[in-house]
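*Asks:* mind looking at a prediction? Sequence and model below.
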Amino acid sequence: MLERRSALAAHPLLQPGKRVGLQPVGAAAVTLSERRPLTILQVSAFARTVAEAGIHLAGALELELPEPNRLCSDRRKSLRAIGPGVWQAVGDEGAVPTAAALRATLSGVATVVDLSHARTALQVSGPAAARTLAKHCGLDLYASHFPTGSATNTRFGHVGMTLARLDDAPTFELLVFRGYAEFVFEALAEAAAEFGLQIVT
Amino acid sequence: MQQFTCPYCGPRDQSEFTYGREATSVPALDASAAEWQRFVYERDNPAGPHAEWWHHNHGCRQWLEIVRDTLTHEVLAIRAARPPEDRG
């Protein structure tokens, strides 16, 4: 198995406790962290096997099948519906089946692609997290329109991302192409500076 | 910014979508050169309702058929270009 390396490990900003911008006395309005190592599997059903693939996939992950652009999760993993017949299984290593195992389970009804090495997961959390993200994302991120449990493909600037709202802090999780990780990380740090940002590792 | 209401994702900014082409039927592989010439190069360019294919490439990645008024930008209809029952 290939060694997992963070695209951001060497970044000078990514140090535990590093603060950027406003220096609040108490907790920072935004915290930013990279979540790793993470397993990310993308499952695409064939046109005529969408229902069957959904049932087997939910069974394999022991989760409910999410509604469109929503996620179902337990403590260590989640399943997101991001397109017609397309899901992403995201979780801690060991909590999600391996790509080979899931491929065997879904043989004939869906394809499975392992994106674990291809994406970087960033978490933006805190009272000003939505306002930070809004500088680069056109979605309405307020809880009324993008409540906890939402997960969708959208844009961060000119870059595609999978955006999910994990809790009511609120905490947003961004899955971006690994090659854009540095750009997105720096753009988030700059966007959050006016609110006070703390890097968490 | 104009928004399109994707059947899967709901209202999204037009910048999430990429224009494909006008929605016409694709000629058969053995169609005449004249038919292919018309499909590839010639456009009706109507002033009014126009059926178009758009790709929701920064969203659910579906191809959509949108009927859009070229004079007012009003979206008159929007649906998946190939509903599941037509596929395979």
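*Replies:* That came through, no problem.
*Asks:* the closest residue to A:Ala28 other than its chain neighbours bridge partners, please.
*Replies:* Of all residues not flanking A:Ala28 in the chain, A:Gln198 sits nearest, at 3.7 Å (C-beta to C-beta, 6 or more residues apart in numbering or on different chains). Where you see a C-beta, it was placed from the backbone N, CA and C, and this is true even at glycine. Assessed by DSSP bridges, A:Gln198 has beta-bridge partners A:Arg19, A:Thr31.
*Asks:* now do the contacts for A:Gln198.
*Replies:* By C-beta atoms under 8 Å, 6 or more residues apart in numbering or on different chains, the residues touching A:Gln198 are A:Gly17, A:Lys18, A:Arg19, A:Val20, A:Ala27, A:Ala28, A:Val30, A:Thr31, A:Leu32.
*Asks:* can you tell me the SS state at A:Arg5?
*Replies:* Per DSSP: H, G, I helix; E, B strand; the rest coil, the local secondary structure of A:Arg5 is coil.
*Asks:* poorly predicted segments of chain B, please.
*Replies:* B:83-88 (pLDDT under 70).
*Asks:* can you tell me the element the residue positioned nearest the centre of it falls in?
*Replies:* By C-alpha atoms, centre = their mean, chain B has its centre lying nearest to B:Trp53, at 1.2 Å. Per DSSP states H and E: B:Trp53 is located in strand B:49-55.
*Asks:* show me what that strand pairs with in its sheet, parallel or antiparallel.
*Replies:* Sheet partners by DSSP bridges: for strand B:49-55, these are strand B:18-22 (antiparallel), strand B:63-69 (antiparallel).
*Asks:* okay, those strands, which one's buried deepest?
*Replies:* Comparing these by mean neighbour count (mean count of other C-beta atoms under 10 Å in any protein chain shown), strand B:63-69 ranks first with a mean of 18.
*Asks:* rewinding a little: export the strands paired with strand B:49-55 to CSV and tack on distance to A:Arg76?
*Replies:* Shown next, in CSV, are these (distance: least, C-beta to C-beta, whole Å):
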stretch, distance to A:Arg76
strand B:18-22, 36
strand B:63-69, 36
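*Asks:* which residues does A:Leu61 contact?
*Replies:* A:Lys77, A:Leu79, A:Ala89, A:Val96, A:Pro97.
*Asks:* thought the last one was touching A:Thr105?
*Replies:* Just to be clear, that refers to A:Pro97. Yes - contact criterion C-beta atoms under 8 Å: A:Pro97 and A:Thr105 qualify, at 7.3 Å.
*Asks:* overlap in contacts of those two?
*Replies:* A:Ala60.
*Asks:* sheet partners, orientation included, of the host helix or strand of A:Leu174?
*Replies:* Element membership for A:Leu174 (DSSP H and E) is strand A:171-177. When pairs are called by DSSP bridges, strand A:171-177 turns out to pair with strand A:119-125 (antiparallel), strand A:159-167 (antiparallel).
*Asks:* for the nearest residue to B:Gln3 once chain neighbours are set aside, list the residues it contacts.
*Replies:* Spatial nearest neighbour of B:Gln3, excluding adjacent residues (C-beta to C-beta, 6+ apart): B:Pro11 at 4.6 Å. Neighbour list for B:Pro11: B:Gln3, B:Phe4, B:Thr5 [criterion: C-beta under 8 Å, 6+ apart].
*Asks:* for the first one, which residues are in contact?
*Replies:* It stands for B:Gln3. Taking C-beta under 8 Å, 6+ apart, we find B:Gln3 in contact with B:Pro11, B:Arg12, B:Asp13, B:Gln14.
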